[in-house]
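S.K.: sequence and predicted structure below; questions after.
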Amino acid sequence: MDAFVIEGGRRINGRLRVNGSKNSALPIMAAVLLTDEPITLRDVPDLSDIRNMVRLLGELGVVIARETDTAGRPIFCIQTMDERASHARYDIVRTMRASICVLGPMLARRGRARVSLPGGCAIGQRPVDLHLKGLQALGARITLEDGDIIAETPPGGRLIGATMFLGGANGSTVLGTANVMSAATLAKGTTIIECAACEPEIVDLANMLNSMGARIEGAGSPRITIRGVETLRGVDHTVIPDRIEAGTLMCAAGITAGDLILDNCPLDALMAATETLEAIGVAIDPIGSGDDPMRRTCRVTRPGTLRSVQITTQPHPGFPTDLQAQFMALLCLAEGNSVVTEKIFPERFLHVAELQRMGASLVRQGATVVVTGVERLNGAPVMASDLRASAGLVLAGLAAEGTTTINRVYHIDRGYEALEHRLASLGASIRREKMTTESVPAG
Ligand code: EPZ
């Protein structure tokens, strides 16, 4: 098992290009199941979640070749060669909840899908009832058998367009919207999804599906209309940059009082985060005019001390839950009391106890944490527990005095490509070490 060893106190300085988005790439890769024509995907990041999706699609008859373009960026050349398989097995699904994304596309195209029900997860309960509700509204017959979801199209073999409300207790669902929207592209008739997720990853998926011949309107708003078509064709699509990686790097510059230039930065998708950073005292200055608001260049600096703020996570365009842990790390060093409330995953606070081990002053009550700024954090051995919590610990380690060892960084590898190399290229002292079994804490 690998660990990161960080010597804190070095400023993050330099220039970096933001990678392609994991959370965009995963449902987009699943959507290749909607056609047997060739698909080219560009800027898919090299992550363990992506490798798991490649493995899953391989089991479902999809052949994927990885190449690089002239700039050294990854290209995936993808084609479905065999459409007989329909079972996404538990041993892959349990490694990656986003496997649920294959359900809608496989059902719509193959008439049947069997996908293992994803289990619990470190960030709390993650039900899939809304995915199933949406597909059932399209006429799917759904049963549960041996821990698997079995979905079949209605008699006639095609899903049927419908109007549905897809909101739950905590608002819209991102992957649920992706699943139902993808499935509805091949349904007979028109589908309206009300309370659809508005995340930029949904817009990216809809743009790709429309380039394949789908007829989707309204993606990015809470009401998406999909007029079903008979077939979809191949496409060449570039995945949007990763707003969460960008936001994490901004926090890295902020927490170390660094000076960072980010290229390929999706500022248009980061407004809640950048406005919060400005309020905390981290300046984000766009450089040049830039034609594409999702691919800008910007400079991140911290002119003075960090100030406390209140943050409440919300569905997009509100403050993203996937940046909550990283901002909490930053606020640990801000003057005064900050209040962080989690409205998407109310249990997503695994970083709190670990930050406390580094000297942070945090009081949690339910889904709210009060952060009282301290003058310094101290390096300590800590445990990575989920992807974004771990990113928060890396940030804390960059700013802490002394050595921080973060165990179980396979969580980080799920969502950040070569994070240690990228941060080291910006001046951080961070290295990966293999831990022996004895040195890994129990649990
Ligand atoms: C996506 O997960 C992301 N994953 C998550 O990123 C992200 O935290 C989350 O959206 C919220 O932005 C990917 O894109 C691969 P949801 P998803 O369905 O779609 C409830 C990361 O760190 N809900 O939008 O699974 C749910 O419990 C990951 O990169 C239901 O009640 O999240 C939550 O409270 C972690 N029923 C809320 O909706 C359902 O059927 C939003 O979850 C589905 C969800």
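M.R.: Yes, it's here.

S.K.: drop to CA atoms for contacts and neighbour counts, all remaining ones
M.R.: Will do.

S.K.: spatially nearest residue to residue 229 (excluding sequence neighbours)?
M.R.: Closest residue to residue 229 apart from its sequence neighbours, by C-alpha to C-alpha, 6 or more residues apart in numbering: residue 186 at 5.2 Å.

S.K.: roughly how far does that neighbour sit from the ligand?
M.R.: Distance from residue 186 to the ligand, counting by C-alpha to the nearest ligand atom, to the nearest Å: 21 Å.

S.K.: how about the residues of the stretch 201-350 of the chain near the ligand?
M.R.: By C-alpha under 6 Å from any ligand atom, the residues of the stretch 201-350 of the chain that approach the ligand are 321-322, 344-345.

S.K.: switch to 8 Å and redo it
M.R.: Residues of the stretch 201-350 of the chain lying near the ligand by C-alpha under 8 Å from any ligand atom: 201, 244, 315-316, 320-322, 343-346.

S.K.: look up how far residue 66 lies from the residue nearest to residue 229.
M.R.: Relative to residue 66, residue 186 is positioned 28 Å away (C-alpha to C-alpha, to the nearest Å).

S.K.: neighbour-wise, which of these two wins?
M.R.: More crowded of residue 186 and residue 66, by other C-alpha atoms under 10 Å: residue 186, with 27 against 12.

S.K.: residues near residue 281, how many?
M.R.: 19.

S.K.: so who does it touch?
M.R.: If you count contacts by C-alpha atoms under 8 Å, 6 or more residues apart in numbering, residue 281 has them with 302-307.

S.K.: just the buried ones among these, please.
M.R.: 302, 306-307 (16 or more other C-alpha atoms under 10 Å).

S.K.: hmm, residue 243 is touching residue 268, no?
M.R.: No: the pair residue 243 / residue 268 is not scored as a contact, 9.3 Å apart, by C-alpha atoms under 8 Å.

S.K.: make CSV out of the buried ones among the contacts of residue 281 and add secondary structure, pLDDT and distance to residue 88.
M.R.: Listed next are these as CSV, based on DSSP: H, G, I helix; E, B strand; the rest coil; pLDDT from 0 to 100; distance: C-alpha to C-alpha, whole Å:
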residue, secondary structure, pLDDT, distance to residue 88
302, coil, 97, 47
306, coil, 98, 47
307, strand, 98, 47
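
S.K.: give me the residue from the stretch 301-443 of the chain nearest the ligand.
M.R.: residue 344 (4.4 Å; C-alpha to the nearest ligand atom).

S.K.: for the closest residue to that residue other than its chain neighbours, phi and psi?
M.R.: Distances taken as C-alpha to C-alpha, 6+ apart place residue 170 nearest to residue 344, at 5.7 Å, with adjacent residues excluded. When read as degrees, to the nearest 10, the backbone of residue 170 gives phi -110, psi 20.

S.K.: pLDDT below threshold where in this protein?
M.R.: Along the chain, the model assigns pLDDT under 70 to residues 119-121, 436-443.

S.K.: quick one: the helices in it, in order.
M.R.: For the chain, applying DSSP state H gives helices covering 22-30, 48-59, 90-93, 103-110, 129-137, 174-184, 200-211, 243-255, 271-280, 324-331, 350-357, 387-399, 410-413, 419-424.

S.K.: wait, residue 161 touches residue 186, no?
M.R.: No: using C-alpha under 8 Å as the test, residue 161 is too far from residue 186 to be in contact (9.0 Å).

S.K.: anything in contact with each of these two?
M.R.: Overlap of the contact sets of residue 161 and residue 186 (by C-alpha under 8 Å, 6+ apart) consists of residue 228.

S.K.: pull the contacting residues for the residue nearest to residue 229.
M.R.: By C-alpha under 8 Å, 6+ apart, the residues touching residue 186 are 108-109, 158-159, 214, 228-232.

S.K.: show me which of these is closest to residue 150.
M.R.: Comparing those against residue 150 with C-alpha to C-alpha places residue 108 closest, at 13.0 Å.

S.K.: once you drop chain neighbours, what's closest to the closest one?
M.R.: residue 183 (5.1 Å).

S.K.: number of residues surrounding that neighbour?
M.R.: So residue 183, with other C-alpha under 10 Å, has 29 neighbours.

S.K.: quick one: contacts for it?
M.R.: By C-alpha under 8 Å, 6+ apart, the neighbours of residue 183 are 104-105, 107-108, 135, 159.

S.K.: dump those into TSV; add neighbour count and distance to residue 380 as well.
M.R.: Shown next, in TSV, are the contacts of residue 183 (neighbours: other C-alpha atoms under 10 Å; distance: C-alpha to C-alpha, whole Å):
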residue	neighbour count	distance to residue 380
104	30	44
105	28	45
107	26	48
108	29	50
135	31	47
159	29	54
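
S.K.: nearest to the ligand among those residues?
M.R.: Proximity of the contacts of residue 183 to the ligand (C-alpha to the nearest ligand atom) peaks at residue 135, which lies at 11.0 Å.

S.K.: wait, that closest one sits on residue 103?
M.R.: No: using C-alpha under 8 Å, residue 135 is not in contact with residue 103; the gap is 9.2 Å.

S.K.: related to what we said a few turns ago, any idea how far the residue nearest to residue 108 is from the ligand?
M.R.: 15 Å.

S.K.: tell me how far that residue lies from residue 131.
M.R.: Distance, residue 183 to residue 131, by C-alpha to C-alpha: 11 Å.

S.K.: ok, now residue 82?
M.R.: Computed as C-alpha to C-alpha, the residue 82 to residue 131 distance reads 25 Å.

S.K.: more neighbours, those two?
M.R.: Neighbour totals were compared for residue 82 and residue 131, and residue 131 leads with 22 against 13 (other C-alpha under 10 Å).

S.K.: what's the closest non-adjacent residue to that one?
M.R.: Nearest one to residue 131, counting by C-alpha to C-alpha, 6+ apart, is residue 176 at 4.5 Å.

S.K.: residues touching the one you found, list them.
M.R.: By C-alpha under 8 Å, 6+ apart, residue 176 lies in contact with 101, 128, 130-131, 134.

S.K.: next, the distance between the ends of stretch 152-162.
M.R.: By C-alpha to C-alpha, the extent of stretch 152-162 from end to end equals 16 Å.

S.K.: mind listing what's buried in it?
M.R.: Judged by neighbour count (16+ other C-alpha under 10 Å), stretch 152-162 contains these buried residues: 152-154, 157-162.
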